[in-house]
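Asker: heads up, no residue letters with this:
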């Protein structure tokens, strides 16, 4: 398969994976004006603290075994062996989640008193989260299995079904029944239970009884996964622990604005997540092709150009998006959103940077740099948050995140050299960042004049980027043109 065909497949998978995110985010953005008129920034602060705590627990429960399962899955073509691999992860994940949920459920009062003592019902929120931890296992495993099988449409259908269910129950409990914050967690639990039958149907041939659990494979997979654990925890510390530091230094109002900023920036996360979901199975599936290294290098350029440009647009117009979607109480989140957009870019870039290490099955470097990055973030939080508040937290996240792909590119190139064009791609990324910084300096209070200034800056930046990447952009144009023509019925 040539480079154009491979990039076409990667783009196709990324578009399919991204479709559910785009539709879901569109619906979520549609609901944002309603939610911002029901929840105060203080309420968003509470939701942010609990949401990030939930993610931390989930990281521990997954135990990075999804990475091991993906790596072992492609080592064999045997359905029997693949089913053993999947069930080894599934039963480990389910039992660990069940035990943790029981512990969390009965210790809910303790955690509520520690983190949210001023909210009388916060123990109930935590108990609902505990129940969700158990029911979310099967849908999570199902989504991964469908990705391993290179069935992006089925994977997206399942994810979209769950996302739409979540939105439906949020509308029911929060908007119509007016249950307040507790409605968010009833909606979360209801959506995963509602998704279970579909998840079971889609992977009914893969999930078996506990006898499919294989101790030998479990030991091998855990050994591979262990270095990912500090990396996963480091990911959480770098990207999501900021709300806990803010909770100590600033008001819940500031925490809530930070959370809204994350929500706006998360639009970029749709694109980076879509790329990440397509990238892992794609990159391993072409490993044995003669031109695989050239394809990897082209994909790097494709990512910097496409995702970098999208992140720049979102960062530039974050303030205008808040004006359209929210009330004046939330406009202060714009700079946070503009900064954190590039954090999502760096998160996706880490997947490309770590490819060589993953191919060589060398996972320790990612764990090492993640711990170092976490330590740097904690130091920066103590240094920046007391003086710069939520914006300081956002800057700390980006600085700490930046060192991860830099280090992983250096390490991965030693294990498995790929001819990346670093110089050109760094210049492109710097062009995007400078564009955003200049827009902040030239900020204008007039809504329409502000948009014109930003469009002018974007045009200048686009011209610079086009000059640096004329040949690559022509290749991408050809790929997209062929993809579009193949989708249009011929007369």
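Answerer: Alright, I've got the coordinates. Note that the structure is a prediction, hence the values are computed from the model and not measured. Numbering: from 1, shown residues only.

Asker: residue 292 touches residue 285, doesn't it?
Answerer: No. Residue 292 lies out of contact with residue 285 (Cβ atoms under 8 Å); the separation is 9.7 Å. No exception for glycine: its C-beta is placed from N, CA and C like everyone else's.

Asker: quick one: mean pLDDT over the helix or strand harbouring residue 256.
Answerer: Assessed by DSSP states H and E, residue 256 sits inside helix 252-285. The average pLDDT for helix 252-285 rounds to 82.

Asker: before we move on, what about stretch 103-117?
Answerer: 94.

Asker: hmm, who's touching it?
Answerer: With Cβ atoms under 8 Å, 6 or more residues apart in numbering as the test, stretch 103-117 has contacts from 46, 49-50, 53, 57, 119, 122-127, 129-131, 133, 244, 247.

Asker: in it, what counts as buried?
Answerer: 104-105, 108, 111-112, 115-116 (16 or more other Cβ atoms under 10 Å).

Asker: do the same with stretch 305-323
Answerer: 305, 307-319, 321-323.

Asker: so the closest residue in space to residue 213 that isn't next to it in sequence is in which element?
Answerer: Nearest non-adjacent residue to residue 213, counting by Cβ to Cβ, 6 or more residues apart in numbering: residue 91, 4.7 Å away. Using DSSP H and E, residue 91 falls within helix 79-106.

Asker: got it, and residue 77?
Answerer: Using DSSP H and E, no helix or strand contains residue 77.

Asker: now residue 263: how far from residue 330?
Answerer: Distance, residue 263 to residue 330, using Cβ to Cβ, to the nearest Å: 10 Å.

Asker: contact partners of the helix or strand where residue 185 lies?
Answerer: Take DSSP H and E as the rule and residue 185 turns out to sit in helix 181-202. For helix 181-202, contacts defined as Cβ under 8 Å, 6+ apart pick out 39, 43, 46-47, 50, 119, 121, 124-125, 128-129, 131-132, 135-136, 138-139, 141-142, 146, 154, 158, 161-162, 165-166, 168-170, 172-174, 177, 179, 207.

Asker: following it, which helix or strand shows up next?
Answerer: Where DSSP H and E defines the elements, the next helix or strand beyond helix 181-202 is helix 215-225.

Asker: quick check: buried residues in that next one?
Answerer: For helix 215-225, a neighbour-count test (16+ other Cβ under 10 Å) marks 217-218, 220-222, 224-225 as buried.

Asker: and which of those residues is nearest to residue 410?
Answerer: The closest of the buried residues of helix 215-225 to residue 410 turns out to be residue 224 (Cβ to Cβ; 21.8 Å).

Asker: hmm, residue 363 and that closest one touching each other?
Answerer: Yes. Judged on Cβ under 8 Å, residue 224 makes contact with residue 363 at a distance of 6.4 Å.

Asker: got the residue ranges for the helices in the stretch 351-491 of the chain?
Answerer: 355-359, 364-415, 422-441, 447-468, 470-487 (DSSP state H, counting those that start in this stretch).

Asker: for the longest one, the distance to its chain's centre please.
Answerer: From the chain centre to the centre of helix 364-415 is a distance of 17 Å (Cα atoms, centre = their mean, to the nearest Å).

Asker: got it, and the first one?
Answerer: Mean C-alpha position of helix 355-359 versus that of the full chain (Cα atoms, centre = their mean) differs by 20 Å.

Asker: counting contacts, what elements does it pack onto?
Answerer: helix 364-415 (3 or more Cβ pairs under 8 Å, 6 or more residues apart in numbering; DSSP states H and E).

Asker: which elements pack onto the helix it packs on?
Answerer: Using 3+ Cβ pairs under 8 Å, 6+ apart: helix 364-415 touches helix 228-240, helix 242-249, helix 252-285, helix 334-353, helix 355-359.

Asker: taking the mean pLDDT, what do you get for the second one?
Answerer: This means helix 242-249. 87.

Asker: how's the protein carved up into domains?
Answerer: Following automatic domain parsing, one finds the domains of the chain at 1-34+226-486, 65-214.

Asker: on that earlier part again, redo the buried residues of stretch 103-117 as a markdown table? Include distance to residue 65.
Answerer: Formatted as a markdown table, the buried residues of stretch 103-117 follow (distance: Cβ to Cβ, whole Å):
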| residue | distance to residue 65 |
| --- | --- |
| 104 | 20 |
| 105 | 23 |
| 108 | 27 |
| 111 | 25 |
| 112 | 30 |
| 115 | 28 |
| 116 | 31 |
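
Asker: pick the one among those closest to residue 448.
Answerer: Taking Cβ to Cβ as the measure, residue 448 lies nearest residue 116 of these, at 41.9 Å.

Asker: now do the helix holding residue 185: distance to the chain's middle.
Answerer: 20 Å.

Asker: ditto for stretch 357-370
Answerer: Distance, centroid of stretch 357-370 to centroid of chain: 19 Å (Cα atoms, centre = their mean).

Asker: in that stretch, what's buried?
Answerer: Neighbour counts using 16+ other Cβ under 10 Å place 357-359, 362-363, 365-370 of stretch 357-370 among the buried residues.

Asker: may I see the buried residues of the helix holding residue 185?
Answerer: 181, 183-196, 198-199, 202.

Asker: number of residues surrounding the closest residue to residue 272 other than its chain neighbours?
Answerer: Nearest residue to residue 272, sequence neighbours excluded (Cβ to Cβ, 6+ apart): residue 348, at 3.4 Å. For residue 348, the neighbour count with other Cβ atoms under 10 Å is 23.

Asker: thought residue 348 was touching residue 275?
Answerer: Yes. Counting by Cβ under 8 Å, residue 348 sits close enough to residue 275 to count as a contact (5.5 Å).

Asker: shared neighbours of those two, anything?
Answerer: With Cβ under 8 Å, 6+ apart as the test, residue 348 and residue 275 both reach 303, 307.

Asker: contact partners for residue 174?
Answerer: 35, 38, 180, 183-184, 187.

Asker: what comes up buried for stretch 278-292?
Answerer: In stretch 278-292, counting by 16+ other Cβ under 10 Å, buried: 278-284, 286, 292.

Asker: kindly report the same for stretch 249-256.
Answerer: Under the neighbour-count criterion of 16+ other Cβ under 10 Å, stretch 249-256 has 249-250, 252-256 buried.

Asker: can you put those in a markdown table and add distance to residue 67?
Answerer: Shown next, in a markdown table, are the buried residues of stretch 249-256 (distance: Cβ to Cβ, whole Å):
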| residue | distance to residue 67 |
| --- | --- |
| 249 | 34 |
| 250 | 35 |
| 252 | 36 |
| 253 | 38 |
| 254 | 35 |
| 255 | 31 |
| 256 | 33 |
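
Asker: what's the closest of the residues you listed to residue 436?
Answerer: Each of those was checked against residue 436 using Cβ to Cβ; the closest is residue 254, at 22.3 Å.

Asker: return the residues in contact with the closest one.
Answerer: 41, 45, 246, 389-390.

Asker: before we move on, what about residue 419?
Answerer: Taking Cβ under 8 Å, 6+ apart as the test, what residue 419 contacts is 293-294, 297.
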